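Peer 1: okay, predicted coordinates and the sequence, questions at the end:
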Amino acid sequence: MEQKTNHKRDWLIIGAIILAVIAGGGLARKAMKYTPNEDLASYEPWDKEVVESFEKILLQQGGRIKPMHTYARYTLTSFSGGKSLRFQTADGEKHLLSEAEWMLDTLFRSDIAKKHKLFIVDNSAAVAQINVSPDSRRDRYSYNDLLPGRSRLAELAAKYAEEQQKLDATNEKIDSVDQMVLNLGRSVSQFEYLLGQIGFAKGGDFAINESMVPQDMIELAAKVDILEMLGKMPEMSTDQMVQMMRTGSGETEEEKMFAGALRLLFFNMRSATGLNFFPPVDPESEVWKSSGDLIGEALADKNVREQNVEKLQRIAGLVTASKGPADQFTGELNRFADYQMDRAAERGEAKHAVREVDYYNTNPYLFALVYFILGGVLVAFSWLSPGSSLGRKVVLLGCIACALGLGYLIWGITQRSIIRERPPITNLYDTVLFITATAVLLGLFMEWATKLGIGAIVAAFSGAGGMFLGRKHEMAEASDTMGQLVAVLDTNFWLATHVTIINVGYAAGLVAGLIGVCYILNRFFTRLVGREEDKTALRSLTRMNYGVVCFCLFFSLVGTVLGGIWANYSWGRFWGWDPKENGALMICLWTLVILHGRMAGWI
């Protein structure tokens, strides 16, 4: 009877621990900061179906064809340091804007986009440099907030960029505040470039700062249809356009009107260059076209003008539909996405674009992080009653939580491999994910084999640490983590053999280090509290670490040899003493020293 009572008590305590952790997470979520935005009286969210359809629009960037969701995700991150915008409007409503919703505002509701507190500035001195009054209560500014200092910002950004270029030769950096001004200038310029991407379809609605545009051009844009005007223009190259605009506006009204039309077309052509929405007609070409590219081609060659204008009308249709009912806009977005998908399918491209959107929306690494933290908290609670029935049950639940986190992590890695049709490791971000998954798997295996609680500690802390590191790296880089591979890596065979095998070895080295830390802490705290050391437990830790170091040596050595063979295949030399090769060699030597020292009886 007493055993049943203790068993019931144990589960009640465990239930209370889990509820406390969940409640703490809920309170932390509620406490998340929403930036007050008095410039927005209210905000009307985009319809869910509109957002889902918009996310699947394709574009090419950096040589890779990706969904709009991915592009919006990393663009927003580069501006604001996060994947969403949280703000509170003047009417007291709180809003959480996803990356796709923010991009919809930027392209189709530019007046609202310019009021979002988007640009993060960590030091008010950077804002003061551009003659904008800093607000000590916030570190986020909207485009409209920065507008009074726009010209000063452009001037200083150009100056600091030149200074940085001079210092690059000596590996020095400009002052941190100057670097913030430079980064802010680049972000504002990129934001303006986004605002103008579909300006040709908006008539007289100039999304960017109108003070940057001549008044006669604004008046002309309100009167004419750009695409209709494009159809009536004579053939001319970009150089001819520039030359005609430089020679003046002419003497007659017709000449002035023509020169004004040229300036307007040239402005829209330059503003709409960058977002490549249109697959090329030539099957041999790998470069997609932007709206600006199509305008330039249509001007230069009447043979392609009709089909280019027809393509541009699709963008104009999106702009018109965005002002109407949600179902109308959804339908227009779906038609444009289907057009892109059909052309891409004919070219054998963008086969996994929809999967990529689902992958990011699932957010597997956030769930993995949550479960690893939960596992770590449970394992930590087990230290209050080590070796007891309650302690063992808490460790078991911690391992289950870590196994769930590992499941999400492996699912995410698998999705990335399918999307890119590559082995799991192609860059530093992939490396963090893979080593974290391997370390957690090794930790769970050790816990299953030893039941000492050490494996659970390794799994939980390596999992949570790896996920934090991965998120930090993604935020710091603020660029697509599935970008094009450099030429030397563009081989699935060596990525699957050398890179994967050597990173398994590195993960084992990480686990060996964590076990060593556990050993040292065990001895330190045992002596600190005056307790007698558990020799059996210490011997188990030593044997455990010996096995993991052997594992580390085998995979690191095989991986290093395969790397040398790859280097010989790619560059004609097996070894070149570069930093990566030296690092791999040092890991092999380090493990060999440990193993030989143990075999010889020195340690």
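Peer 2: In hand now; what should we look at? Numbers count the residues shown, from 1 in each chain.
Peer 1: for Gln179, which residues are in contact?
Peer 2: Contact analysis of Gln179 by Cβ atoms under 8 Å, 6 or more residues apart in numbering lists Tyr160, Gln164, Lys173. For every residue, glycine as well, the C-beta is placed using N, CA and C.
Peer 1: go through the residues you listed and name the one nearest Ala201.
Peer 2: Closest approach to Ala201 among the contacts of Gln179 (Cβ to Cβ): Tyr160, at 35.2 Å.
Peer 1: the closest one - that's part of a helix, no?
Peer 2: Yes. Per DSSP: H, G, I helix; E, B strand; the rest coil, Tyr160 lies within a helix segment.
Peer 1: which residues does it contact?
Peer 2: Residues in contact with Tyr160 (Cβ under 8 Å, 6+ apart) are Ile174, Asp178, Gln179, Val181, Leu182, Gly185.
Peer 1: what strand or helix carries the residue nearest to the last one when sequence neighbours are not counted?
Peer 2: Nearest non-adjacent residue to Gly185, counting by Cβ to Cβ, 6 or more residues apart in numbering: Ala157, 2.6 Å away. Element membership of Ala157, judged by DSSP states H and E, is helix 150-167.
Peer 1: ditto for Leu312
Peer 2: Counting by DSSP H and E, Leu312 is found in helix 305-322.
Peer 1: distance between the next helix-or-strand element following that helix and the chain's centre?
Peer 2: Once helix 305-322 ends, the next helix or strand along the chain (criterion: DSSP H and E) is helix 326-346. Offset of helix 326-346 from its chain centre (Cα atoms, centre = their mean, to the nearest Å): 25 Å.
Peer 1: sitting in strands, which of the contacts of Tyr160 do you find?
Peer 2: Among these, DSSP state E puts none in strands.
Peer 1: where's Phe336 relative to Ile198, distance?
Peer 2: Counting by Cβ to Cβ, to the nearest Å, the gap from Phe336 to Ile198 is 12 Å.
Peer 1: Ser285 too?
Peer 2: 23 Å.
Peer 1: how about Ile419?
Peer 2: With Cβ to Cβ as the criterion, Ile419 and Ile198 are 27 Å apart.
Peer 1: thinking again about what came up before, and the contacts of Tyr160, which are buried?
Peer 2: Buried members of the contacts of Tyr160, scored by 16 or more other Cβ atoms under 10 Å, are Ile174, Asp178, Val181, Leu182, Gly185.
Peer 1: could you double-check that the fourth one sits in contact with Ala157?
Peer 2: Yes. Look at Leu182 against Ala157 with Cβ atoms under 8 Å: they come within range, at 5.3 Å.
Peer 1: do you have the strands of the stretch 51-200 of the chain handy? List them.
Peer 2: Using DSSP state E, counting those that start in this stretch, the strands of the stretch 51-200 of the chain run over residues 58-61, 64-67, 84-89, 94-98, 119-120, 140-141.
Peer 1: what do you get for the stretch 201-350 of the chain?
Peer 2: Counting by DSSP E, counting those that start in this stretch, the strands of the stretch 201-350 of the chain are 276-278, 289-290.
Peer 1: picking that back up, and Thr536, which of the strands of the stretch 51-200 of the chain is closest to it?
Peer 2: strand 84-89 (50.9 Å).
Peer 1: any idea of the angle the closest one forms with strand 94-98?
Peer 2: 150 degrees (axes from the mean of the first three to the mean of the last three Cα atoms, to 10 degrees).
Peer 1: identify the residues contacting strand 84-89?
Peer 2: 32-37, 40-43, 76, 94-99, 102, 116-118.
Peer 1: what is the least confident helix or strand in the chain?
Peer 2: Lowest mean confidence among the helices and strands of the chain (mean pLDDT, DSSP states H and E): helix 2-30, at a mean of 59.
Peer 1: mean neighbour count added to the strands of the stretch 51-200 of the chain, as JSON lines?
Peer 2: Supplementary listing: those in JSON lines, determined by neighbours: other Cβ atoms under 10 Å:
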{"stretch": "strand 58-61", "mean neighbour count": "22"}
{"stretch": "strand 64-67", "mean neighbour count": "21"}
{"stretch": "strand 84-89", "mean neighbour count": "18"}
{"stretch": "strand 94-98", "mean neighbour count": "16"}
{"stretch": "strand 119-120", "mean neighbour count": "19"}
{"stretch": "strand 140-141", "mean neighbour count": "20"}
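Peer 1: please consider this matter closed, and thank you.
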